[in-house]
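> Okay, sequence plus prediction incoming.
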Amino acid sequence: MDENVANRTRTDQERTDRARADQLLVVRCQLGERAAFDDLIRRWSGSLHRYALKLSNNPELADDLTQDVWLRALQGLGTLREAAQFRAWLFGIAHRTFMDRLRSRYAMPVDTGVDMDELAAADSGDDEDLERALATGMASLPIVEREVLTLFYLEELSLADIAAALGIPVGTVKSRLFRARALLRKHIAPEESRT
């Protein structure tokens, strides 16, 4: 039990340190230091690309969307009043950019081409099969739910940061997260969710 608390404390401290480093980089960027913006891109491009890839399921589109986000971020960085809000601000730009680009696909379900009965028959004890099932389940979710899961679990944004990034109330984030978990659970273990 004590080891879990120590690990959680260490993780919280690491997040705090990263947030402070981001704040410093943002202030340096706002002061016109080009190297700071390059550092910011290096620190966040992987997360933005992973987010774009989860939403689009297309590596080329994810590359384009990530570049668009950085262009918008560069143009708007001077308007960011609170450097501590950088993470939510950046993912807010990402959300708006991705939704603009994906608007025509927004309400359409994703066809994964996977037979869910076949997926359920897979051995869930194997880590590889579980990862594959998770990836397939995520890809089959509607984009709204996929986005909330990605921001919460993969990008580790808080509920408040997700709400700020998406421009919705925290309660809506919670309900979307609840729905996303339920839908994902149905895709991963359809027989278990019926009992």
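Perfect, I can see it now.
> Where does residue 161 fall, secondary structure wise?
helix 159-166 (DSSP states H and E).
> which residues are contacting that helix?
85, 87-92, 94-95, 147-148, 151-152, 157, 169-170, 172-174, 177 (Cβ atoms under 8 Å, 6 or more residues apart in numbering). (Each C-beta comes from the backbone N, C-alpha and C, glycine too.)
> ok, 6 Å please
88, 91-92, 95, 151, 170, 173 (Cβ atoms under 6 Å, 6 or more residues apart in numbering).
> Out of those, list just those in helices.
88, 91-92, 95, 170, 173 (DSSP state H).
> any chance of those residues in CSV, with pLDDT, distance to residue 138 and neighbour count too?
Below are the ones in helices among the contacts of helix 159-166 laid out as CSV (pLDDT from 0 to 100; distance: Cβ to Cβ, whole Å; neighbours: other Cβ atoms under 10 Å):
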residue, pLDDT, distance to residue 138, neighbour count
88, 91, 22, 20
91, 92, 18, 26
92, 93, 22, 18
95, 90, 17, 20
170, 93, 23, 14
173, 93, 18, 23
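> Is it possible to get the residues you listed out as a markdown table so that each row also shows distance to residue 137?
Formatted as a markdown table, the ones in helices among the contacts of helix 159-166 follow (distance: Cβ to Cβ, whole Å):
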| residue | distance to residue 137 |
| --- | --- |
| 88 | 27 |
| 91 | 22 |
| 92 | 26 |
| 95 | 22 |
| 170 | 25 |
| 173 | 20 |
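> For the residue most central in space within the chain, give me its contacts.
Geometric centre of the chain, nearest residue: residue 151, 2.9 Å, by Cα atoms, centre = their mean. Contacts for residue 151 (Cβ under 6 Å, 6+ apart) come out as 157, 162.
> again, only this time at 8 Å
Residue 151 touches 51, 91, 157, 161-162, 165-166, counting by Cβ under 8 Å, 6+ apart.
> same thing with residue 154?
50-51, 54.
> can I assume residue 47 is in contact with residue 155?
Yes. Here residue 47 lies in contact with residue 155, judged by Cβ atoms under 8 Å, at a distance of 5.6 Å.
> so is residue 156 in a helix, a strand, or just coil?
coil (DSSP: H, G, I helix; E, B strand; the rest coil).
> before we move on, what about residue 29?
Classified using three-state DSSP, residue 29 is helix.
> And for residue 15?
Quick answer, by three-state DSSP: residue 15 is helix.
> Tell me how far the closest residue to it other than its chain neighbours lies from residue 19.
Leaving aside its chain neighbours, residue 15 sits nearest to residue 156 (7.6 Å; criterion: Cβ to Cβ, 6 or more residues apart in numbering). Taking Cβ to Cβ, to the nearest Å as the measure, residue 156 falls 11 Å from residue 19.
> cool, residue 187 as well?
33 Å.
> Residue 51 too?
18 Å.
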